[in-house]
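*Asks:* Next input, structure requested:
(chains A and B)
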Amino acid sequence: MRNRREFVKSIAAAAAGLSAAGGFTYDVLAQAAQGAALKRREVSIGRKRIKVIDAHAHLNIPAVADVVKGTPYERQGNAAPDEIIGPDRIAAMDRAGIDMELLTQQGGFWYTVTDRDLARSICKVQNEGTAAIVAKYPDRFMGMASMPLQFPDIAAELLEDGVKRLGLKGGGISAGVIRGDKEPSGPEWDVLWAKAQALGVIFFMHPGGETGADAHLRGKGNLGNTIGNPLETTIFLSHLMYEGTFDKFPGLKIVAAHGGGYLPSYLGRTDGACVRQPDTCSAKKRPVEDYFRTQILADTMVFREEGLRHMVAEMGAGQLVYGTDTPFPWPVSVDFVLNAPFLNNAQKEQILGGTIMRLLKMPAAATA
Amino acid sequence: MGTRRDFVKTLAAGTAAACLGSRWSDVLAQTGAPKRREVSIGRKRIKVIDSHNHLNVADVARVVKGTPFERQAVTTGDGIIGPERIAWMDRDGIDVALLTQQGAFWYAVQDRGLARDIVKAQNEGTAAVVAKYPDRFIGMASMPLQFPDLAAEALEDGIKRLGFKGGGISAGWAGAKNLSDPEYDVFWSKAQELGAFLFMHPGGTNGNGDPHFAGKGALGNTIGNPLETTIFFSRLIYEGTLDKFPGLKICGAHGGGYLPSYLGRTDAQCRRQDEVCTGKKRPVEDYFHTQLMADIMVFREEGLRHLVAELGVGQLVYGTDIPFGWPVTPDFILNAKILNDAQKEQILGGNLIKLLKLSPNTTA
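*Replies:* Residues are numbered from 1 along each chain as shown, chains lettered A, B, ... in the order given. Okay, here's the model as predicted:
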């Protein structure tokens, strides 16, 4: 039996690429100061150079500070240095072998804004800032729109604006930020799901943290994150299935963070409950795995090879996308996928980039 | 791609027995007792033990009469053990059931004397069922966990006086408290000293009151139950309780909640923020290879395969949640292509025979 020290060492060794992200900036800057050239890792499978796309990467836009100045959200507008995209992020990507990132906004404070115009202005600045990053580094980044989900009509408007005017690829959404007894499966959000379906764009769903505010999640283990994050995603996807939202909008595609929460790893109870109580499943039209083989995708952030094997078995490699949660230093280098013995080369390529390129209708050629 | 109707038909055909829960009295009245199914693997008759099987004790009504808990006593229905339960077990091929109390109302009782009296009635009623059907049932103590000292006392009384093998516990009822709090050391210490087997079944509180669990899908159960177990196990791991009491053995209901199926984030969090993991001494899988066990209620063969890969066959036990009609007959194990015969026997009964020092003989 390994002790904890050995265990941590083994994880660290296996994941040295990206897991160093927390201390990365300083290493890189130190190297740069010494004039050391940083070599970009180019990932190949067999002899084929493949394009690695990180579907789960965050940013913040400093210009938000100007929008929220003098409002109750003034202190929320401060972007942390590692969330601002610049040479440090590029260097971290180079070292990790990540060719492109699909950027979603870090945080979720704008979901609490009750003034419609302010909410719109914040998201617009975030989205224009994201588009500016993409314009500056077009071969390294793609952007996703942020939206004020508390106002479904504005969310739909900003999704369209982001896609049509700013060239963004879809939208980033949270669920736990929706207050009280409302759920994104409620009919008032149909306008947003309909808009995404009409535009043919995907969503990246990342938990917003609200579900973690529970007395039982205090203490060690950072349970508000460790449990709260997959829980929020589990509740969100369960509502969209059980309430019939996915059936109503069959073109809706959602990529869910952190291995899609608990559900892809624990699918059985969802339909088990229907066998026991069919009356609670009257709106859901298909077996649970159908949703996960068509409309729901997940990133690979489950950290264990056996966990990844299980997800591939339940969802298929074509529903999984590589993701890192950059700039947060989780141990999730590309080697997690490259070294997985149960994946063939085609599946590895799908997960590391092929699936998201297909979803985003990108040309297949690598631009590295 | 199967339609939903096909899917439900498939599941129902495979699991017809379990779904008939509330109609056993009708079955008995109309067609008499079913033939007892005797499960064999190869040519070997094996003892099938259901680790997850609930009862109610009608005598509790006497104890709570005139108290605010008067309406909580269950005196009729599927939870009362009698010929209907035996018929259900016979038909499914379950030889022995480990009985835990259904419900959790006694955790809300504030009066020490009343709480003690309720679990005493429950435990003595359970012992009476075991005495009546000694070859079919094994008893587990109920305990007023809101009073850790009384819980330790009730566990000891159950094991020493009433012949139980351990106790049944819940976690979500505890308000702001957690079972990883130091005041529960007296209870964990007693369980370790007695070599008790603890079966953890969620008490439902996490699901109630959360508006996000409203709507279709019975989410308070579908999500709330595995969530409560996930929080409970996570706390015992991260807060160091399992390291402090290395002799503790706890089996989590419903595949042990989400954690056994989603182990990775627990240690990855330590890699990201090691300061939040100072109470935990071992990698997460070590706890699940030694002290934590799970029943097999994950309903999908691939889910079972994943549990076997992560926990090992020796940590898994058959469970049904009877009298609730979940689709989990022994065929879920018997038909699993991923298991060899020895592994099937372990899960269906062998692990509990060894752990609880039971006779491997079937009396059928």
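
*Asks:* Where does the prediction get shaky in the chain?
*Replies:* Picking chain A for this. Applying pLDDT under 70 to the predicted model, the residue ranges of chain A that meet it are A:1-37, A:177-181, A:209-213, A:364-368.

*Asks:* not quite, I wanted chain B
*Replies:* B:1-22, B:204-209, B:363-364.

*Asks:* mind listing the strands in it by residue range?
*Replies:* B:40-41, B:44-45, B:49-55, B:96-101, B:137-141, B:166-169, B:197-200, B:249-252, B:292-295, B:316-317 (DSSP state E).

*Asks:* can you check the stretch 51-200 of chain A too?
*Replies:* Listed in chain order, the strands found in the stretch 51-200 of chain A under DSSP state E, counting those that start in this stretch are A:53-59, A:100-105, A:141-143, A:170-173.

*Asks:* Show me what the second one is packed up against.
*Replies:* The contact analysis (3 or more C-beta pairs under 8 Å, 6 or more residues apart in numbering or on different chains; DSSP states H and E) places strand A:100-105 against strand A:53-59, helix A:116-136, strand A:141-143. (Glycine included, C-beta is placed from N, CA and C.)

*Asks:* So for A:Asp99, which of these sits nearest?
*Replies:* strand A:53-59 (6.6 Å; C-beta to C-beta).

*Asks:* any residue of the closest one up close to chain B?
*Replies:* No. Using C-beta under 8 Å from any C-beta of the partner chain, no contact is recorded between strand A:53-59 and chain B, whose separation bottoms out at 13.7 Å.

*Asks:* before we move on, the earlier item: can you say which of the strands of chain B is nearest to A:Ile173?
*Replies:* Distance to A:Ile173, taken as C-beta to C-beta, is lowest for strand B:249-252 among the strands of chain B, at 32.0 Å.

*Asks:* What pairs with the closest one, parallel or antiparallel?
*Replies:* strand B:197-200 (parallel), strand B:292-295 (parallel) (DSSP bridges).

*Asks:* returning to what we had before: what would the helices and strands packed on strand A:100-105 look like in JSON lines with mean neighbour count?
*Replies:* Converted to JSON lines, the helices and strands packed on strand A:100-105 look like this (neighbours: other C-beta atoms under 10 Å in any protein chain shown):
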{"stretch": "strand A:53-59", "mean neighbour count": "25"}
{"stretch": "helix A:116-136", "mean neighbour count": "20"}
{"stretch": "strand A:141-143", "mean neighbour count": "24"}
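
*Asks:* Let's have these in JSON lines, adding distance to B:Gln102.
*Replies:* Formatted as JSON lines, the helices and strands packed on strand A:100-105 follow (distance: least, C-beta to C-beta, whole Å):
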{"stretch": "strand A:53-59", "distance to B:Gln102": "42"}
{"stretch": "helix A:116-136", "distance to B:Gln102": "48"}
{"stretch": "strand A:141-143", "distance to B:Gln102": "53"}
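
*Asks:* Count the residues that sit near B:Arg272.
*Replies:* Residue crowding around B:Arg272 was assessed by other C-beta atoms under 10 Å in any protein chain shown; the count is 21.

*Asks:* before we move on, the earlier item: can the strands of the stretch 51-200 of chain A go into TSV with extra columns for distance to A:Phe246?
*Replies:* Supplementary listing: the strands of the stretch 51-200 of chain A in TSV, determined by distance: least, C-beta to C-beta, whole Å:
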stretch	distance to A:Phe246
strand A:53-59	20
strand A:100-105	21
strand A:141-143	25
strand A:170-173	15
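
*Asks:* how about these, which one is nearest B:His289?
*Replies:* Proximity of the strands of the stretch 51-200 of chain A to B:His289 was assessed by C-beta to C-beta; the nearest stretch is strand A:53-59, lying at 30.3 Å.

*Asks:* A:Asp247 and A:Asp290 touch, don't they?
*Replies:* No. The pair A:Asp247 and A:Asp290 does not pass the contact test of C-beta atoms under 8 Å, sitting 9.9 Å apart.

*Asks:* mind checking the end-to-end distance for stretch A:294-306?
*Replies:* With C-alpha to C-alpha, to the nearest Å as the measure, the ends of stretch A:294-306 fall 23 Å from one another.

*Asks:* now stretch B:343-359
*Replies:* Using C-alpha to C-alpha, the gap from the first to the last residue of stretch B:343-359 comes to 18 Å.

*Asks:* Turn the strands of chain B into JSON lines, including mean neighbour count and distance to A:Lys169.
*Replies:* Supplementary listing: the strands of chain B in JSON lines, determined by neighbours: other C-beta atoms under 10 Å in any protein chain shown; distance: least, C-beta to C-beta, whole Å:
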{"stretch": "strand B:40-41", "mean neighbour count": "14", "distance to A:Lys169": "53"}
{"stretch": "strand B:44-45", "mean neighbour count": "12", "distance to A:Lys169": "59"}
{"stretch": "strand B:49-55", "mean neighbour count": "25", "distance to A:Lys169": "46"}
{"stretch": "strand B:96-101", "mean neighbour count": "27", "distance to A:Lys169": "51"}
{"stretch": "strand B:137-141", "mean neighbour count": "26", "distance to A:Lys169": "54"}
{"stretch": "strand B:166-169", "mean neighbour count": "27", "distance to A:Lys169": "48"}
{"stretch": "strand B:197-200", "mean neighbour count": "25", "distance to A:Lys169": "44"}
{"stretch": "strand B:249-252", "mean neighbour count": "24", "distance to A:Lys169": "41"}
{"stretch": "strand B:292-295", "mean neighbour count": "26", "distance to A:Lys169": "40"}
{"stretch": "strand B:316-317", "mean neighbour count": "26", "distance to A:Lys169": "43"}
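
*Asks:* want to throw the ones you listed into TSV with distance to A:Val201?
*Replies:* Converted to TSV, the strands of chain B look like this (distance: least, C-beta to C-beta, whole Å):
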stretch	distance to A:Val201
strand B:40-41	53
strand B:44-45	58
strand B:49-55	45
strand B:96-101	49
strand B:137-141	53
strand B:166-169	48
strand B:197-200	44
strand B:249-252	40
strand B:292-295	40
strand B:316-317	43
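
*Asks:* The nearest residue to B:Ile81 once chain neighbours are set aside: neighbour count?
*Replies:* Counting by C-beta to C-beta, 6 or more residues apart in numbering or on different chains, the nearest residue to B:Ile81 once its immediate chain neighbours are dropped is B:Val129, at 4.7 Å. Here the neighbour count serves as a burial measure; for B:Val129 (other C-beta under 10 Å) it reads 20.

*Asks:* measure B:Val129 to B:Asn340 for me?
*Replies:* Here the criterion is C-beta to C-beta, to the nearest Å. By it, B:Val129 lies 35 Å from B:Asn340.

*Asks:* B:Ala151 too?
*Replies:* Taken as C-beta to C-beta, the spacing of B:Ala151 relative to B:Asn340 amounts to 40 Å.

*Asks:* Could you check which of these two is surrounded by more residues?
*Replies:* B:Ala151 (27 against 11).

*Asks:* Look up the closest residue to that one, ignoring the ones flanking it.
*Replies:* Here the residue nearest B:Ala151, using C-beta to C-beta, 6+ apart, is B:Met143, at 3.9 Å.
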